[in-house]
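> Sequence first, then the predicted structure, then my questions.
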Amino acid sequence: MSDGLTALLDPRGIRLDAVAADRDDAIRQCGRALVDIGAVLEPYVDTMLARERSVPTYLGEGVAIPHGTTDGKDSVVRDALAVLRFPGGVDWNGETVSVCIGIAARGDGHVAVLAQLAEVLLDPERARALREATTHEEILGLLQPTEGAPAS
């Protein structure tokens, strides 16, 4: 995946001014974005909510990565990402989330995605820039692999 995470990111799946009432609303919006770009079928959204109830998807640095359960794999049309930015923040089990990266993966593709996201989040400056991004181009640039990063 030479283009990093951007190969999975349809620009129509980037929403920079989202507003959510709560965590579940934010997850539904991530799921809706994945449905809207044709990456998943509607039932996948319910498996994203089920995943959150069993294993919280907050990663740290104001970022959560909602994704479906194993039962949802049949609803995945293609691997994809959606990035929703919540400038006002969303309460996520006591943490404030300002960026949700919805993941759709048929197989174990989410593992590689998580590893690449971890690279972004381990760099406080890149994580801050992701939370504060206001353009599609900024999001795409931040999700590119960094120069000299080890190959995954």
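Now that the structure is in, tell me what you want to look at.
> And the worst-scoring helix or strand of the chain on mean pLDDT, how far out from the chain middle?
Counting by mean pLDDT, DSSP states H and E, the chain has its least confident helix or strand at helix 109-121, which shows a mean of 77. Relative to its chain's centre, helix 109-121 lies at 10 Å (C-alpha atoms, centre = their mean, to the nearest Å).
> biggest strand in the chain by residues?
strand 80-92 (DSSP state E).
> what's the angle between that strand and helix 109-121?
Here strand 80-92 points in a direction 60 degrees away from that of helix 109-121 (axes from the mean of the first three to the mean of the last three C-alpha atoms, to 10 degrees).
> Which pLDDT does the model give the residue most central in space within the chain?
Central residue of the chain (C-alpha atoms, centre = their mean): residue 101, 1.2 Å from the mean position. At residue 101, the model reports a pLDDT of 94.
> surely it meets residue 82?
Yes - between residue 101 and residue 82 there is a contact under C-beta atoms under 8 Å: 7.2 Å. Heads up, the C-betas are built off the backbone N, CA and C, glycines and all.
> Under the pLDDT cut-off, which ranges of the chain? List them.
In the predicted model, the chain carries pLDDT under 70 at residues 1-4, 109-110, 145-152.
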